[in-house]
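Novice: Need the 3D shape of this:
(one chain, ligands or ions: 1)
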Amino acid sequence: MKPRALDLFCCAGGATKGLQRAGFHVTGVDIKPQPRYCGDEFHQADALTFPLDGYDFIWASPPCQAYSDMKQMPNAVEHPELIEPVRERLNASGKPWVIENVEGAPLSVHAPMLFTNISGIVLCGTMFGLNTQKWELRRHRLFESNIPMRQPSCAHSERTVIGFYGDHARIRKRRPGSKNRGEDITGRDRKLALVRDLMGIDWMEWSESNQAIPPAYSEFIGRQILENR
Ligand SMILES: C[S@@+](CC[C@H](N)C(=O)[O-])C[C@H]1O[C@@H](n2cnc3c(N)ncnc32)[C@H](O)[C@@H]1O
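Specialist: The predicted structure follows:
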């Protein structure tokens, strides 16, 4: 029987897909219906109260809006900061866990400290060859866990950097000191083709894929969780 993973805040399942590739049976939980969810089982429920028993590993990707650069926008609305309560629940579960979020979120990114097993890494698309001839996806994300994880090095190249966030697929030409925010790629089909080629995601709508992590990230971590069992 496959080991069972729980993916809290799963959306359409970017993290789920990588965990499946690593060898897990994956159950997703999201507060909203997720008709395109790619996992093995889905529950529409609140991740802060969904029962955690019966799983070998728990993944959580709380919404990042409270921590991302977009919270600085003049029209920004208040978003709940869920990392603390989620970390408390996962720690109390006694199971291996990972919390994922954006740069700027209050997650530990360091080797395990003297009196705790908690550690964290940053993953980047260049660690997994997420590029085309022309473009490169960096999409840095933080991962905190109670299981030690390997930290690969970024392999940033001279390719043009592209980012997917909010409603934008944006070419990032910004250089230190420059006010040029870069150019947007428009058109749903063009954006979805880029998501397919750079993130390896071909089953989501744009509004789902711009929140997702590339499955390569969770596959990398999921394999290490299984090695540590
Ligand atoms: C950043 S997305 C997750 C993306 C996902 N990890 C992926 O790779 O595709 C966050 C999701 O959390 C969901 N969400 C927000 N609050 C929630 C809650 N209290 N319980 C469950 N899901 C929640 C949102 O509906 C959204 O789909």
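
Novice: List the contacts of whatever residue of the chain ends up closest to the ligand.
Specialist: In the chain, the residue found nearest to the ligand is G14; the distance is 2.7 Å by C-beta to the nearest ligand atom. The way it works is simple: take the backbone N, C-alpha and C, and place the C-beta from them, glycine included. Neighbour list for G14: M199, I201, M204, S209, Q211, A212, I213, P214, P215, S218 [criterion: C-beta atoms under 8 Å, 6 or more residues apart in numbering].

Novice: Surely the third one is within a strand?
Specialist: No: under DSSP: H, G, I helix; E, B strand; the rest coil, M204 sits outside any strand and is assigned coil.

Novice: Write out the residues of this protein neighbouring the ligand.
Specialist: By C-beta under 6 Å from any ligand atom, the part of the chain that sits against the ligand consists of 9-15, 29-32, 46-48, 61, 63-64, 211-213.

Novice: Return a selection command, for use in ChimeraX, containing the buried ones of those residues.
Specialist: Isolation of the buried members of those (16 or more other C-beta atoms under 10 Å) is achieved in ChimeraX through the command below:
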select :9,10,11,12,13,14,15,29,30,47,61,63,64,211,212,213
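
Novice: all helices for this protein, in order.
Specialist: Listed in chain order, the helices of the chain (DSSP state H) span 14-22, 83-93, 188-199, 206-209, 215-227.

Novice: Need the winner for burial among those helices.
Specialist: For the helices of the chain, average neighbour numbers computed from mean count of other C-beta atoms under 10 Å are highest in helix 14-22, which has a mean of 25.

Novice: R141: how many residues sit nearby?
Specialist: By other C-beta atoms under 10 Å, 23 other residues sit near R141.

Novice: Just grab the bridge partners of L142 for me.
Specialist: The residues listed as beta-bridge partners of L142 by DSSP bridges are N101, V122.

Novice: Next up, the contacts around it.
Specialist: E100, N101, V102, E103, A105, L107, V109, G120, I121, V122.

Novice: hmm, 10 Å instead?
Specialist: Contacts here follow C-beta atoms under 10 Å, 6 or more residues apart in numbering; on that basis L142 touches 64, 67, 99-109, 120-123.

Novice: Q211 too?
Specialist: Under the criterion of C-beta under 10 Å, 6+ apart, the neighbours of Q211 are F9, C11, A12, G14, S61, P63, C64, Q65, F164, Y165, G166, M204.

Novice: so A111 touches S145, yeah?
Specialist: No: between A111 and S145 there is no contact under C-beta atoms under 10 Å: 11.8 Å.

Novice: Next, show the common contact partners of these two.
Specialist: A shared contact of A111 and S145, defined by C-beta under 10 Å, 6+ apart, is any residue touching both; here these are S119, G120, I121.

Novice: which of these has the most neighbours?
Specialist: Neighbour count (other C-beta under 10 Å) singles out I121 as the most crowded of the shared contacts of A111 and S145, with 25 neighbours.

Novice: Which residue is the nearest non-sequential neighbour of that one?
Specialist: Spatial nearest neighbour of I121, excluding adjacent residues (C-beta to C-beta, 6 or more residues apart in numbering): Q151 at 4.5 Å.

Novice: what's near enough to touch that neighbour?
Specialist: V109, H110, A111, S119, G120, I121, V122, L123, M127, F143.

Novice: export the shared contacts of A111 and S145 to a markdown table and tack on pLDDT?
Specialist: As requested, the shared contacts of A111 and S145 are arranged in a markdown table below (pLDDT from 0 to 100):
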| residue | pLDDT |
| --- | --- |
| S119 | 94 |
| G120 | 97 |
| I121 | 97 |
